[in-house]
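Got a predicted structure plus its sequence, pasted below:
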Amino acid sequence: MTKHIFVTGGVVSSLGKGLTSASIGMLLEQRGLRVRMQKLDPYINVDPGTMSPYQHGEVYVLDDGSETDLDLGHYERFTSGQLTRDCNYTTGQIYLSVIEQERKGQFLGKTVQVIPHITNEIKSVIKRMGGDDVDVVITEIGGTVGDIESLPFLEAIRQFSLDVGRDNCLYLHLTLVPYLKAADELKTKPTQHSVGQLREIGIQPDILVCRCEHSISREDREKIALFCNVPTEAVIEEKDKDFSIYEVPLSLVDNKLDELIVQKLGLSNAANELNITPWTDLIHRLRNPRHEISIAVVGKYAEHKDAYKSIYEAIDHAGIHNQAQIRIGRIQSADIEREGAERLLSGYHGILIPGGFGERGIEGKVQAIQFARERGIPFFGICLGMQCAVIEFGRHILGLDGAHSSEFDKDTKHPVICLLDEQENVTQMGGTMRLGSQPATLLPDTHARLAYETESIEERHRHRYEFNNFYREHFEKMGMIFSGTRPDGGLVEIIEVPDHPWFVAVQFHPEFKSKPLQSHPLFAGFVGAALQRHQRRSDSHPDQ
């Protein structure tokens, strides 16, 4: 029977439940167990697709086109299980489903209530994750214990153990043990209160994972265990990692968390000995780079790290692949409009323009791309970054005065980016978001083809506007290469500029398919080109 692990969080938000859940999933996989991951979010939005990155961070897109929470990015980067729309549910989705059932008369005229109707719907989406092909389902409950929004989810997972048996469920609570500098001591009372709130709901945690700045003494662990009603060995220290988030699994191994979970869930006969060698090798490469380079990420939300979470992780993965430590410069595109690309981008070995929505900062991105193209600096454009590259090339190489995207300038004379009718190739007013994994075919002897080492690829999309095929022949005559297109040739997926060390831009989001143990080919190629630029400059100026 499928076993279930429920991960909750207490005291404060942003403790890292997603990373902890992903790390647990990875460790169980490394013990030969089949794992599935799930995130239940308490906000009422149906999905994060309409939420500002300042509110929620990036929107993570799955192969099936689902717009999900960024924690699912951690799940995919740490584990091998394929994620689907069943892996992320929100309060909005749960209530919407129940209301639709009520409208169809499926409750036979009964009063629809949080208990049992909402909680039954929550339990149903959890049960959906189980099956003969999975040993353990890890379900992370978003929010913090004590939040009113989380109560139906907590009630549902309390009931869940009654449905499937207490031996088939494990409750893991991630909490904070703060350090007070003035008193020079750790404080366990917030953890006691958080667990007390869970127990009032009817959930007794089996394991406590304690985030902390300083190591927790044996005495403090025993105190937490006593007041929270758990064994001392089930109080797990998760100390802050200054170097890399990829050290988290190793920290949990040091505290024997994987052994404890296998024991408590009765999986000793099904689990193998832990093989953590690939991960220790990864950390060794991270700690012992041969080179150091700098990459500028020029974006609209540059000051908010979670807005481009997968971008930054993919750059790090490419650094690991190229044995390079990468210093990332987060540059506001609007600042380039005020201060100029020369002042803000000089000295970087590569420039990346990520995706985004909205007009703010567009001209700064265009200026950054022109700077990279004219100075021979490796450039990588993603989604809106590709569209800005087309705009820049149209203006400065084709001489299309005022070339723009119809998204930002509906009256532009040259809508090189626009909404297209795929049959007639004409601009339209309406459009539907192109979401999820879609195929593309690559031209030989291009950067893209050399990076992927294959002719056919599939990548994840999240956009409405496309390259305007009306201008395609004109762009090709002036040297732009359309190195990737949809298999029928109808839509442009990848552009390149020849006679440049690396000028590649893509309409899709390759960052969503990058992993620490397997860097995405395009990110690896981009960072490799930036590294070559660094080495050329070092050879030219050996004293610098």
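Structure received.

Compute the distance between the nearest residue to residue 216 once chain neighbours are set aside and residue 209, please.
In space, and not counting its chain neighbours, residue 216 is closest to residue 237: 4.9 Å by CB to CB, 6 or more residues apart in numbering. For every residue, glycine as well, the C-beta is placed using N, CA and C. Using CB to CB, to the nearest Å, residue 237 is found at 8 Å from residue 209.

cool, residue 331 as well?
For residue 331, the distance to residue 209 equals 36 Å [CB to CB].

now do residue 26
Distance, residue 26 to residue 209, by CB to CB: 15 Å.

ok, what's across the strand from residue 417?
Per DSSP bridges, the residues bridged to residue 417 are residue 405, residue 467.

and it, how many neighbours?
27 (other CB atoms under 10 Å).

Could you check which of residue 237 and residue 209 is surrounded by more residues?
Each of residue 237 and residue 209 has its neighbours counted (other CB under 10 Å); residue 209 has more, 25 against 21.

tell me the secondary structure for that one?
Following DSSP: H, G, I helix; E, B strand; the rest coil, the label given to residue 209 is strand.

ok, now which ones touch it?
Residue 209 is in contact with 20, 172-175, 236, 238, 252, 257, counting by CB atoms under 8 Å, 6 or more residues apart in numbering.

Who wins on neighbours among those residues?
Counting by other CB under 10 Å, top hit in the contacts of residue 209: residue 175 with 30 neighbours.

so that residue sits in a strand?
Yes: assessed by three-state DSSP, residue 175 belongs to a strand.

Would you confirm that it contacts residue 7?
No: applying CB atoms under 8 Å, one finds residue 175 not in contact with residue 7, separated by 11.4 Å.

show me where the stretch 351-500 of the chain has helices.
362-375, 384-396, 447-452, 472-477 (DSSP state H, counting those that start in this stretch).

three-state assignment of residue 4?
strand.

List the contacts of it.
Taking CB under 8 Å, 6+ apart, we find residue 4 in contact with 126, 130, 136-139, 160, 164, 168-170.

Let me know the closest of the residues you listed to residue 531.
residue 138 (36.8 Å; CB to CB).

That closest one: neighbour count?
Using other CB under 10 Å, residue 138 has 27 neighbouring residues.

measure the closest residue to residue 85 other than its chain neighbours to residue 393 for me?
Nearest residue to residue 85, sequence neighbours excluded (CB to CB, 6+ apart): residue 66, at 4.0 Å. According to CB to CB, residue 66 and residue 393 sit 33 Å apart.

For residue 137, give the beta-bridge partners.
For residue 137, the beta-bridge partners are residue 4, residue 36 (DSSP bridges).

how about low-confidence regions in this protein?
Along the chain, the model assigns pLDDT under 70 to residues 420-431, 538-544.

tell me, what residue is most central in it?
Centroid check for the chain by CA atoms, centre = their mean gives residue 73 as the closest residue, at 3.3 Å.

ok, which stretches of the stretch 1-150 of the chain are helices?
With helices called from DSSP H, counting those that start in this stretch, the stretch 1-150 of the chain shows them at 17-29, 53-56, 71-78, 91-103, 119-127.

should've said the stretch 151-300 of the chain
Assigned by DSSP H, counting those that start in this stretch, the stretch 151-300 of the chain shows helices spanning 151-164, 189-201, 218-228, 248-254, 257-264, 277-287.

if we can go back for a sec, right, and the residue nearest to residue 216 touches residue 212 too?
Yes: counting by CB under 8 Å, residue 237 does reach residue 212; the two are 6.4 Å apart.

what's the most buried one of the helices of the stretch 351-500 of the chain?
Of those, the one with the most neighbours on average (mean count of other CB atoms under 10 Å) is helix 384-396, at a mean of 25.

Just the angle for that one relative to helix 362-375, thanks.
When axes from the mean of the first three to the mean of the last three CA atoms, to 10 degrees is applied, the directions of helix 384-396 and helix 362-375 differ by 70 degrees.

can you list the residues that contact helix 384-396?
In contact with helix 384-396 (CB under 8 Å, 6+ apart) are residues 352-357, 362, 365-366, 369-370, 373, 379, 381, 400-405, 414, 416-417, 463, 465, 467, 471, 475, 478, 480, 494-495, 497, 503, 505-507.
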